[in-house]
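S.K.: Output the structure for:
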Amino acid sequence: MRSVWLLAALLWAGTASAIDWQPDPEVALQVEVAETLRTALEQQPELQRFFDEACGIAVFPRVVRVGLALGGGRGRGLLLADDGVLGEVTQSALTLGFQAGAQSFRQLIFFRSCEAMEEFTENGNLGRWSGRLEFQGRAAMQAGRAGGAADPGFIGDVAIFSLSGRGLMLELAAGSVRYRFTPATPAPRPAD
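M.R.: Down below sits the predicted model:
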C-alpha cells in the first residue's frame with residue numbers, strides 16, 4: 001500500500017504545475033490520467049502554456065483506433081479543472097479514408113475558455129456545431145512505439161494533442177467523433 005501512495009506522489013509531482021489536482025491512488029483511471037499529464041509535459045514541454053491557459057482538460061490515457069478503409073476508435077478518460085475531476089469522458093470515432101492497421105495513443109483536449117468546456121459537457125461537442133458529433137481529419141503513421149500524428153491545432157477555444165502509443169497504422173482519414181460526458185458523483189456528506 002505504501003508503494004501505491006509513493007507512486008501517486010511521484011506522478012502528482014510531475015503534474016503539479018499543470019493543474020491543481022491530485023489523483024486518488026485507489027482509482028486506476030485517475031493514476032493513468034496523472035501519468036498521461038506527466039508524460040505529455042516530459043515529451044512536449046511546449047504544452048506548458050496550454051496547461052497554464054486552460055480552464056479544463058479532457059485527458060484520454062488510451063485511445064484505440066483500428067481501420068481498413070473504414071475505421072473506428074474508442075477512448076475513456078477524465079475531464080479535469082482546477083477543483084479536480086469534473087467527470088468521466090468517452091469518445092467513439094468512425095472514420096473513412098486511406099487507413100490500415102491498429103494503434104493506441106494518448107490524447108489531451110484543452111479548453112481555453114470555460115464556455116467551450118461547458119459546451120463540451122452539456123452537448124458533447126467541441127463548440128463548432130450543436131449536437132454530439134464532431135467531424136475531424138486525422139493523419140497518422142505509426143510503427144510500434146515510433147510515429148507521429150497531426151491533429152488540427154486550435155479550433156476556436158479548443159486544442160487537441162495526441163501522444164504516440166503502440167501499433168502499426170497508416171492513416172489519412174476523415175470521420176466523426178462522438179463525445180459523452182458523465183459528471184462525477186459528489187462524495188457523500190457526513191451526517192450532522
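
S.K.: Near Glu53, how many other residues are there?
M.R.: A count of nearby residues for Glu53, using other Cβ atoms under 10 Å, gives 13. All C-beta spots, glycine's among them, are computed from the backbone N, C-alpha and C.

S.K.: Spatially nearest residue to it (excluding sequence neighbours)?
M.R.: Arg112 (5.6 Å; Cβ to Cβ, 6 or more residues apart in numbering).

S.K.: and the one you found, how many neighbours?
M.R.: Neighbours of Arg112 (other Cβ under 10 Å): 17.

S.K.: got it, and Ala58?
M.R.: For Ala58, using other Cβ under 10 Å, the count is 29.

S.K.: got the phi/psi numbers for the residue nearest to Glu53?
M.R.: Reported as degrees, to the nearest 10, the phi and psi values for Arg112 are phi -70, psi -30.

S.K.: Let me see the mean pLDDT of the helix of greatest length in the chain.
M.R.: Looking across the chain with DSSP state H, the single longest helix is helix 28-43. Averaging pLDDT along helix 28-43 gives 95.

S.K.: Then stretch 99-110?
M.R.: 91.

S.K.: residue boundaries of the strands in this protein?
M.R.: Secondary structure of the chain (DSSP state E): strands at 56-81, 84-111, 133-143, 146-150, 154-155, 158-183.

S.K.: Tell me where the model's unsure across the protein.
M.R.: Scanning the chain for pLDDT under 70 picks out 1-20, 127-155, 187-192.

S.K.: change it to 50
M.R.: 1-18, 129-133, 150, 152 (pLDDT under 50).

S.K.: State the number of residues packed around the closest residue to Ser104 other than its chain neighbours.
M.R.: Take Ser104 and drop its neighbours on the chain: the residue closest to it by Cβ to Cβ, 6+ apart is Gly165, 3.9 Å away. Other residues lying near Gly165 total 21 when counted by other Cβ under 10 Å.

S.K.: What separation do you get for Gly165 and Gln107?
M.R.: 10 Å (Cβ to Cβ, to the nearest Å).

S.K.: Gly67 too?
M.R.: Taken as Cβ to Cβ, the span from Gly67 to Gln107 is 17 Å.

S.K.: Equivalent analysis for Ala100, please.
M.R.: Counting by Cβ to Cβ, the gap from Ala100 to Gln107 is 21 Å.

S.K.: Equivalent analysis for Gly56, please.
M.R.: 15 Å.
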